[in-house]
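with the input below, show me the fold.
(chains A and B)
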Amino acid sequence: DQQVKQNSPSLSVQEGRISILNCDYTNSMFDYFLWYKKYPAEGPTFLISISSIKDKNEDGRFTVFLNKSAKHLSLHIVPSQPGDSAVYFCAASLTNSGYALNFGKGTSLLVTP
Amino acid sequence: KAGVTQTPRYLIKTRGQQVTLSCSPISGHRSVSWYQQTPGQGLQFLFEYFSETQRNKGNFPGRFSGRQFSNSRSEMNVSTLELGDSALYLCASSLMGGSYEQYFGPGTRLTVT
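Numbers count the residues shown, from 1 in each chain, chains lettered A, B, ... in the order given. As a prediction, this is how the structure comes out:
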């Protein structure tokens, strides 16, 4: 059963604009959330994370927002660049599960010039 | 620092055979996790090892097994291969101490014919 869902398989955004990638989860016990970016023929690359005790975390152009009551998180990329074109995975974990990450199926982002 | 390395990168096996995949974590990382990525199921957690002990296991049949050596290198084994085992197998390593960021290798693409 998929506990982490990314309902948009793809997203297209113009260069310079904001990209918003969404993720929903069903397990209210999840307490740590991460975003990964994946290029073809490479493994996922860690982007940014957020603990459930926060509602926002920012790192350069990337900001993750967490809404625990809605069991929803989003990744904002501002401004979007063509090099950001990749598949983005949302992941969630339980502190007592160690390093087992539950992944969404990914959203393919295309940033056009 | 060198990243996570996985060997081989590509593998073709016949149904019923067994296969062993290898992973070398980032130097100093003591936790190694394995994931299976398929188009239909996305990224799914297989198991995680720390100090040569399996700490966590995903929902996969017993044909999937792994081990970790004293130098933190890890292997995973799949016996009696089935067509449905065709997938990208990803290894990820991480530090201890509350960090949940996992660093992925490029993966091994296994094709079962």
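
going by C-alpha atoms from here, please, whenever you check contacts or count neighbours.
Noted.

which parts of chain B are strands?
Along chain B, counting by DSSP state E, strands occupy B:5-7, B:10-13, B:19-24, B:31-38, B:42-50, B:53-57, B:64-68, B:74-78, B:87-94, B:103-104, B:108-112.

reformat these as JSON lines; add mean pLDDT and mean neighbour count.
Listed next are the strands of chain B as JSON lines, based on pLDDT from 0 to 100; neighbours: other CA atoms under 10 Å in any protein chain shown:
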{"stretch": "strand B:5-7", "mean pLDDT": "97", "mean neighbour count": "20"}
{"stretch": "strand B:10-13", "mean pLDDT": "97", "mean neighbour count": "14"}
{"stretch": "strand B:19-24", "mean pLDDT": "98", "mean neighbour count": "20"}
{"stretch": "strand B:31-38", "mean pLDDT": "93", "mean neighbour count": "24"}
{"stretch": "strand B:42-50", "mean pLDDT": "91", "mean neighbour count": "24"}
{"stretch": "strand B:53-57", "mean pLDDT": "88", "mean neighbour count": "16"}
{"stretch": "strand B:64-68", "mean pLDDT": "97", "mean neighbour count": "20"}
{"stretch": "strand B:74-78", "mean pLDDT": "98", "mean neighbour count": "19"}
{"stretch": "strand B:87-94", "mean pLDDT": "94", "mean neighbour count": "27"}
{"stretch": "strand B:103-104", "mean pLDDT": "92", "mean neighbour count": "24"}
{"stretch": "strand B:108-112", "mean pLDDT": "97", "mean neighbour count": "20"}
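
a markdown table for these, including distance to residue A:79?
Shown next, in a markdown table, are the strands of chain B (distance: least, CA to CA, whole Å):
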| stretch | distance to residue A:79 |
| --- | --- |
| strand B:5-7 | 32 |
| strand B:10-13 | 36 |
| strand B:19-24 | 36 |
| strand B:31-38 | 30 |
| strand B:42-50 | 28 |
| strand B:53-57 | 39 |
| strand B:64-68 | 42 |
| strand B:74-78 | 39 |
| strand B:87-94 | 29 |
| strand B:103-104 | 25 |
| strand B:108-112 | 34 |
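
now render these as CSV, adding distance to chain A.
Output for the strands of chain B, formatted as CSV (distance: least, CA to the nearest CA, whole Å):
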stretch, distance to chain A
strand B:5-7, 10
strand B:10-13, 11
strand B:19-24, 13
strand B:31-38, 7
strand B:42-50, 5
strand B:53-57, 7
strand B:64-68, 15
strand B:74-78, 15
strand B:87-94, 7
strand B:103-104, 5
strand B:108-112, 9
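
which of the ones you listed sits closest to residue A:26?
strand B:42-50 (16.3 Å; CA to CA).

that closest one: partners in the sheet, and parallel or antiparallel?
strand B:31-38 (antiparallel), strand B:53-57 (antiparallel) (DSSP bridges).

and the gap between the residue in chain B that chain A sits nearest to and residue A:39?
Closest to chain A within chain B is residue B:106: 4.2 Å, counting by CA to the nearest CA. Between residue B:106 and residue A:39 the distance is 10 Å, computed by CA to CA, to the nearest Å.

what about these two, which has more around it?
The residue with more neighbours, out of residue B:106 and residue A:39, is residue B:106; 24 against 15, by other CA atoms under 10 Å in any protein chain shown.

got a pLDDT number for the more buried one?
pLDDT recorded at residue B:106 is 94.

likewise for residue B:100?
Note on residue B:100: pLDDT of 69.
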